[in-house]
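**Q** Structure, please.
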Amino acid sequence: MENTNFHDDNKMDDTNFDNTAPTNSIRDAGEIPTGWTRNSEGHFARPKLVLLSDVVEKPLTWLWYNKIPYGCLSLIAGLAGVCKSFFTIYMADCVTNGVPWADGHPCEEGTVLFFYGEDTLDVNKKRCRVNGVNQERVVFLNGAEAFGKDKEDYEIDVNLQDVELIEQAMNDAACRTGLPVKLVVIDPISNYWGKVSENSNAGVRSVLHPLQKLAERTGAAFVLVQHLGKSTKANAQQRVLGSTGITAACRAVWGVYRDPMDEDKRLFAFIKGNCGHDHTAVSYQVVAPDGRVDILETDIAKTADDIEAEVIVTKKNAMRDGGIPEKLRNVMRWLVNLIVVAGGEKSANDVYADGSLLGYSRRTIDRAKSMLKIKSVKRGFGKEAITFWVPPTLSEIVAVKVEAAKEISAEKVMWDIFHSSSPEDTEKTETPEDNEAKSMWDIIFEDQSPETPEGMEDWGNS
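**A** Numbering: from 1, shown residues only. Predicted coordinates for the structure are as follows:
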């Protein structure tokens, strides 16, 4: 027998419920009709109940299988400057062109709606163009038009509380492109809280709950972009800036990190989620100068917590080795041989080209150049001018001592750099280059023997 004490919108028993809404006269008189009561804000209301057996289960569907679900909020978090936004451009490429994701899973073709809060429209256009995004299927939300009784039309900002405006934007975007909106990117969410503080748990939940309902109603995947805090003492989920209500409201939370083994690469790694079972990471690289996103590897068996643990170990090892990452040390050795020890000069373009063949990025080469005090000098005039890199002067080499001599470990690093003819060398045979490197060591560390710098006698036992 059916229990008539429960009902939903489509199933109500008129013999048990007074379905007549209170009239204005009843409201004015303050009378409460049968089955209604007053809520905490003074509204006439009655409970809306749903019998669990009447609920129809819906299978979870995916924009990106096991990573970004449809009809839900997802979050991508990372430190400033790690290229989070570039990864959303890659996602837009797959969605607007309907091409498979890098791991081989299919991607449904559709429209992408961007909330952009940091980069300008022309910057985003260039990024989309370089990465092959179908620009006829990308729409950027550029505020809203408004009008008032005493004002002419004017523009206003759109925030996350404007759910009806966002839904209208999605409908208008679909009409403009001819395809439904499959992906909504809000980058960064910190620009769209309105008057609500992102640190207020109650405020954040009151904003994201209606947005989640909009995602369910439209079936689109909503991807929010947020920053991580710099502290490494907390786990990955706790490092997401703002209230814990942000990660709680999202079905899938992913992080973007620099690869601890290669600072030029990025890892898109799992932080938290209550859907999907494959939590493998994706490695990618943003190629300068245009900003092309290259997916390097998928199905990497690492989570965000695994990566953060690696970062801590890497930092400890770097401190032990003088604070210089191994890859940077290798590039410094290479530059010492190429320019400093050789005592000549080389065009910057040739240096970058030679370094590229060895897998060294421009950024790492530039850092090594700066640390070694190598100078840039232009030869020629106008368009014919060529930039050359020349060895530092003796006084500039001495300046290296200021930083290197702060700790014994740093002295060891500089000695290794100036003494090794290449990163792979293991033999310490005497060569003219070694003698030159030793003389540079003597200049950098006055009165210190290159064979046994002061304080390093027991280095091999430490």
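**Q** C-alpha only now, for contacts and for neighbours.
**A** Noted.
**Q** those helices in this structure, which residues are they?
**A** 24-29, 84-97, 121-130, 163-177, 201-218, 244-249, 304-320, 326-335, 348-357, 362-371, 394-404, 408-419, 432-444 (DSSP state H).
**Q** and the end-to-end length of stretch 61-79?
**A** Length of stretch 61-79, first residue to last, C-alpha to C-alpha, to the nearest Å: 29 Å.
**Q** for the record, mean pLDDT for it?
**A** Stretch 61-79 comes out with an average pLDDT of 95.
**Q** Can you list the buried residues in stretch 41-55?
**A** Using 16 or more other C-alpha atoms under 10 Å as the burial criterion, the residues of stretch 41-55 that qualify are residue 44.
**Q** Centre of the chain to it, how far?
**A** How far stretch 41-55 lies from its chain's middle: 41 Å, per C-alpha atoms, centre = their mean, to the nearest Å.
**Q** show me where pLDDT drops low in the stretch 351-462 of the chain?
**A** Along the stretch 351-462 of the chain, segments meeting pLDDT under 70 span 393-462.
**Q** so who does residue 143 touch?
**A** When contacts are counted by C-alpha atoms under 8 Å, 6 or more residues apart in numbering, residue 143 is found next to 155, 156, 157, 158.
**Q** Spatially nearest residue to the last one, not counting backbone neighbours?
**A** What that stands for is residue 158. What sits nearest to residue 158 in space, not counting adjacent residues and going by C-alpha to C-alpha, 6 or more residues apart in numbering, is residue 143, at 5.4 Å.
**Q** Please parse the chain into its domains.
**A** Listed domain ranges for the chain are 1-57, 62-313, 321-461 (source: automatic domain parsing).
**Q** Relative to residue 185, how far out is the residue most central in space within the chain?
**A** The residue lying closest to the centre of the chain (C-alpha atoms, centre = their mean) is residue 84, at 2.6 Å. As defined by C-alpha to C-alpha, residue 84 lies at a distance of 11 Å from residue 185.
**Q** shared neighbours of the two, anything?
**A** residue 225.
**Q** deepest of the domains of the chain, which one?
**A** Comparing those by mean neighbour count (mean count of other C-alpha atoms under 10 Å), domain 62-313 ranks first with a mean of 18.
**Q** Low-confidence stretches in the stretch 151-300 of the chain?
**A** Using pLDDT under 70, the flagged stretches of the stretch 151-300 of the chain are 151, 232-234.
**Q** hang on, the earlier thing: in contact with the residue nearest to the centre of the chain, which residues?
**A** Contact analysis of residue 84 by C-alpha under 8 Å, 6+ apart lists 76, 77, 78, 225, 256.
**Q** just checking, the fourth one touches residue 77?
**A** The one in question is residue 225. Yes. Using C-alpha atoms under 8 Å, residue 225 is in contact with residue 77, at 5.8 Å.
**Q** Show me the longest strand that occurs in this protein.
**A** strand 262-273 (DSSP state E).
**Q** got the CA coordinates for stretch 384-394 in CSV?
**A** Below are the C-alpha coordinates for stretch 384-394, written out as CSV (Å, rounded to 0.1, in the frame of the first residue of the first chain):
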residue,chain,number,x,y,z
GLU,A,384,71.6,42.7,-38.4
ALA,A,385,72.6,42.9,-34.7
ILE,A,386,73.5,39.6,-33.1
THR,A,387,73.6,38.9,-29.3
PHE,A,388,76.7,37.1,-28.1
TRP,A,389,77.4,35.6,-24.7
VAL,A,390,80.9,36.4,-23.3
PRO,A,391,82.7,35.1,-20.2
PRO,A,392,82.6,37.2,-17.0
THR,A,393,85.4,39.4,-15.9
LEU,A,394,87.6,38.5,-13.0
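**Q** any residues touching it, and which ones?
**A** 339-340, 343-349, 372-380, 443.
**Q** rerun at 7 Å
**A** Residues from elsewhere that reach stretch 384-394, judged by C-alpha atoms under 7 Å, 6 or more residues apart in numbering: 339-340, 343-348, 373-380.
**Q** so which of these comes closest to residue 283?
**A** Distance to residue 283, by C-alpha to C-alpha, is smallest for residue 348 among the contacts of stretch 384-394, at 29.1 Å.
**Q** Now for the residue nearest to residue 36 when sequence neighbours are not counted: which residues touch it?
**A** Nearest residue to residue 36 in three dimensions, chain neighbours excluded: residue 46, at 4.9 Å (C-alpha to C-alpha, 6+ apart). With contact set as C-alpha under 7 Å, 6+ apart, residue 46 has these partners: 35, 36, 37.
**Q** in terms of contact, does the second one touch residue 45 like I think?
**A** Yes. Counting by C-alpha atoms under 7 Å, residue 36 touches residue 45, with 5.5 Å between them.
**Q** Out of the contacts of residue 143, name the ones that lie in strands.
**A** Using DSSP E, those in strands are 155, 156.
**Q** export the contacts of residue 143 to CSV and tack on distance to residue 118?
**A** Below are these laid out as CSV (distance: C-alpha to C-alpha, whole Å):
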residue, distance to residue 118
155, 18
156, 17
157, 14
158, 14
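**Q** Thank you, goodbye.
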